[in-house]
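> with the sequence up front, the predicted model follows.
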Amino acid sequence: QVQLVESGGGLVQAGGSLRLSCVASGRTFSDYAMGWFREAPGLERELVAYISRRGGKIYHADAVQGRFTIARDNSKSTVSMEMNSLRPEDTAVYYCAAGYLGESGGLSAVYWGQGTQVIVSS
């Protein structure tokens, strides 16, 4: 089992920044690829970014490319995501996830955090 606890969400004006963090406990952190998903009201949960077990492979969705940056620190069992130039359409609950990278791309999540709310006002 892996337990994931997110923090860093909140209310911010458009153009502002937030930094999400996720601390993992339980099994070996570096055994898992890590990612961030988000779920906006009325929409399906979508992948925002992922990072491979040792950080050599990083992906950001087109919608956040150039604005969000995912990173991990295996010595601290943490994954973070710096979010800049936030837009109202970034409003969502953001979930940290641990899992495995698929051969066709994407992150297959095995463990989920409880989510942290991000609200971007216009």
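That came through fine. Residues are numbered from 1 along each chain as shown.

> verify the contact between R45 and E39 for me.
Yes. R45 is in contact with E39 according to CB atoms under 8 Å; the separation is 4.2 Å. Glycine gets a C-beta too; all of them are placed from N, C-alpha and C.

> next, show the common contact partners of the two.
Between them, R45 and E39 have Y95 as joint contacts when contacts are counted by CB atoms under 8 Å, 6 or more residues apart in numbering.

> residues in contact with A14?
Contact criterion CB under 8 Å, 6+ apart gives L86, R87, P88, V120, S121, S122 as the residues in contact with A14.

> and it, how far is that from R87?
A14 sits 6 Å away from R87, going by CB to CB, to the nearest Å.

> shared neighbours, those two?
With CB under 8 Å, 6+ apart, A14 and R87 have common neighbours V120.

> pretty sure E89 is in a helix, no?
Yes. Counting by DSSP: H, G, I helix; E, B strand; the rest coil, E89 is found in a helix.

> and the closest residue to L18 other than its chain neighbours, what does it touch?
Setting aside the residues directly before and after it, L18 is nearest to M83 in space (CB to CB, 6 or more residues apart in numbering), at 4.9 Å. By CB under 8 Å, 6+ apart, the contact set of M83 is S17, L18, R19, L20, V64, R67, F68, D90, V118.
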